[in-house]
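> Please work out how this folds:
(one chain, ligands or ions: 3)
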Amino acid sequence: MKKLHIETYGCQMNVADSEVVASILKKEGLEYTKDINEADVILLNTCSIREHAENKIFQRLNELKKLRAGKEDLIVGLIGCMAERLKDKLFEKKGLVDIAAGPDSYRSLPSLLEQAYEKKNALDVELSLTETYSEIFPYRYDDNGISAFVSIMRGCNNFCSYCIVPYTRGRERSRDAQSIIDEVKQLATKGYKEVTLLGQNVNSYSYENEGQSVTFPQLLEQVALAVPNMRIRFTTSHPKDLSDDLLYVMAKYDNLAKWIHLPVQSGSTTVLQRMNRRYTREWYLDRVAAIRRILPEASITTDIMCGFSDETEAEQEETLSLMKEVGYDTAFMFKYSEREGTVASKRMPDNVPDDVKTKRLNDIIAVQNELSRMKNAEDEGKVFEVLVEGVSKKDEGEWKGRSSQNKTVVFPANNVKPGDFVKVKILSSSSATLRGEIA
Ligand code: SAH
Ligand code: SF4
Ligand code: F3S
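Ligands and ions are numbered 1, 2, ... in the order given. Below is the predicted model:
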């Protein structure tokens, strides 16, 4: 039997996609292996979000050349966003990749493999308006058997001016609601305890079926009811579409995690306008106020980008002040990276010098570290329900898990096992971790 090895880069959607790919190829007789040295086919599922992400992949491809040296028949394929973006350019350098398949082309991987074995450049980067891989049950070859990702939609229609995703993933489309429920139920039967519903903008989920449309709050409610013993998360929420309806559904069901990832990008309305985010600072703060009102126990996390075209010191200051006003629990923080083909790359100069971007990013990170420390300190004395994931690597003899708020909690205990939900009282904290004891 031939062996397949997949390396996944980029976002959680790629993790979910790699599992779809593994499922498709398993049916063709290719079994997944963790060990790259015994693989007959190596696929890199790639990301184009920032230049750095792509550079890392090129480095990896160069490393893989050594592996290819002794193995005539070894197939190396590049799949995902970078394949979509670079298309046949990937074949220009001989001996780098044999297959390039975009995010909507995974059903053709078996035929692409055949072409590759015939020493042809195997390319399929056709984007689809309808593909959701809805009936393919992902082969979760490398998860912990406790938490799983379930993709509920694909693509993006928002065209934020800096972002490559609408070009690499194509138009937004929602997956059949029933197939989502079926998959989640099946996960529950297999012993999974937590599921994260995935989409670039889950708040615009909308599935039409026989004249009826299912919205995201409705889908979430259906999932909450279908698997009452599982914890349900979702990501990502676009602030422009975050409705009170959604927050009320989240408040109504204990098994809906009290965590909202709400990428702000910038605290300045003028920057948000240039980014085509379609909300203002005030709108965003109003959405945060709604979360605090309806879901007071929820954590709020975000993505922040600095150094976008024409960004001034005053605009950067607005980002820092918004961060403090919201009090984020954690954040992913980035320097703007210009992506060829986006509206920003055509019309908005990448004119903030790199050393200024670096300084701004460091200032943002410093503020966030302090906020995370403060937010976690507020949790001391409180009791959280923690889903046990395994033993803590750092603290020997202790368990590690996550709270509904998506915070890592470390605690000693004797009678627990991975997959258990336990109540933990927080005794101390740092900016990264909560520590406690069984309550
Ligand atoms: N759909 C999500 C974001 C997906 S991309 C949303 O709209 O919020 C994840 C994060 O990468 C973004 O939130 C943004 O902060 C960052 N990002 C996207 N394009 C980028 C670019 N060109 N340069 C730097 N960071 C970028
Ligand atoms: Fe990119 Fe904006 Fe779509 Fe998010 S919503 S994936 S940032 S275009
Ligand atoms: Fe990267 Fe594509 Fe995800 S560009 S962030 S892998 S959608």
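
> where do the helices sit along the stretch 301-439 of the chain?
Ranges of helices in the stretch 301-439 of the chain, per DSSP state H, counting those that start in this stretch, are 313-326, 343-347, 354-378.

> Out of these, the one nearest residue 403 is which?
For these, the distance to residue 403 is smallest for helix 354-378, at 10.8 Å, taking Cβ to Cβ. The C-beta positions use only the backbone N, C-alpha and C, and glycine is treated the same way.

> Give me the mean pLDDT for the closest one.
The pLDDT scores in helix 354-378 average 98.

> Show me what it is packed against.
Under the contact criterion of 3 or more Cβ pairs under 8 Å, 6 or more residues apart in numbering; DSSP states H and E, helix 354-378 touches strand 299-306, helix 313-326, strand 330-335, strand 421-429.

> Distance check, residue 275 against residue 387.
35 Å (Cβ to Cβ, to the nearest Å).

> of all the residues in this structure, which ones are close to ligand 3?
Within the chain, the positions adjacent to ligand 3 are 10-11, 13-14, 47-49, 80-81, 164-165, 168-169 by Cβ under 6 Å from any ligand atom.

> ok, the closest residue to ligand 3 within the stretch 251-400 of the chain - contacts?
In the stretch 251-400 of the chain, no residue comes nearer to ligand 3 than residue 339, which is 8.9 Å away by Cβ to the nearest ligand atom. Shown in contact with residue 339 (Cβ atoms under 8 Å, 6 or more residues apart in numbering): 48-51, 162-164, 345.

> Recalculate using a threshold of 7 Å.
48, 162, 164, 345 (Cβ atoms under 7 Å, 6 or more residues apart in numbering).

> what do you get for residue 96?
Listed by Cβ under 7 Å, 6+ apart, the contact partners of residue 96 are 61, 90.

> Looks to me like residue 232 is in a strand.
Yes. Under DSSP: H, G, I helix; E, B strand; the rest coil, residue 232 sits within a strand.

> wait, it sits on residue 223?
Yes. Residue 232 is in contact with residue 223 according to Cβ atoms under 7 Å; the separation is 5.6 Å.

> Counting neighbours, go ahead and name the busier of these two.
Applying other Cβ atoms under 10 Å to residue 232 and residue 223 shows that residue 223 carries more neighbours, namely 25 against 20.

> per-residue confidence at that one?
98.

> Which residues are in contact with it?
Contacts of residue 223 by Cβ under 7 Å, 6+ apart are 180-181, 184, 232.

> quick revisit: any idea how far the residue of the stretch 251-400 of the chain closest to ligand 3 is from residue 50?
For residue 339, the distance to residue 50 equals 8 Å [Cβ to Cβ].

> Over to residue 334?
Look at residue 334 and residue 50: by Cβ to Cβ, they are 7 Å apart.

> Kindly tell me how buried the residue lying closest to residue 199 once chain neighbours are set aside is, as a neighbour count.
In this structure, residue 199 finds its nearest non-sequential neighbour in residue 153, 3.8 Å apart by Cβ to Cβ, 6 or more residues apart in numbering. Residue 153 has 24 neighbours, counted by other Cβ under 10 Å.

> I'd assumed residue 170 was in contact with residue 153.
No. Between residue 153 and residue 170 there is no contact under Cβ under 7 Å: 11.6 Å.

> joint contacts of those two?
By Cβ under 7 Å, 6+ apart, no residue touches both residue 153 and residue 170.

> Just list whatever residues bridge to residue 332.
Residue 332 has these beta-bridge partners by DSSP bridges: residue 303.

> Was I right to think it contacts residue 265?
No. The pair residue 332 / residue 265 is not scored as a contact, 10.8 Å apart, by Cβ under 7 Å.

> Mind listing what's buried along stretch 424-439?
Going by neighbour count (16 or more other Cβ atoms under 10 Å), the buried part of stretch 424-439 is 424, 426, 429, 433-436, 438.

> Only alpha carbons, please: show that stretch as CSV.
Taking C-alpha atoms only, stretch 424-439 is exported to CSV below (Å, rounded to 0.1, in the frame of the first residue of the first chain):
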residue,chain,number,x,y,z
VAL,A,424,-11.3,23.9,38.1
LYS,A,425,-10.9,26.8,40.5
ILE,A,426,-8.2,29.3,39.4
LEU,A,427,-5.6,30.0,42.0
SER,A,428,-2.9,31.9,40.0
SER,A,429,-2.3,33.1,36.5
SER,A,430,0.2,34.5,34.0
SER,A,431,-0.4,36.2,30.6
ALA,A,432,-0.5,32.8,28.9
THR,A,433,-2.0,30.3,31.4
LEU,A,434,-4.4,29.9,34.3
ARG,A,435,-3.4,27.5,37.1
GLY,A,436,-5.8,25.9,39.5
GLU,A,437,-7.2,22.9,41.4
ILE,A,438,-10.2,20.7,41.0
ALA,A,439,-13.1,22.6,42.5
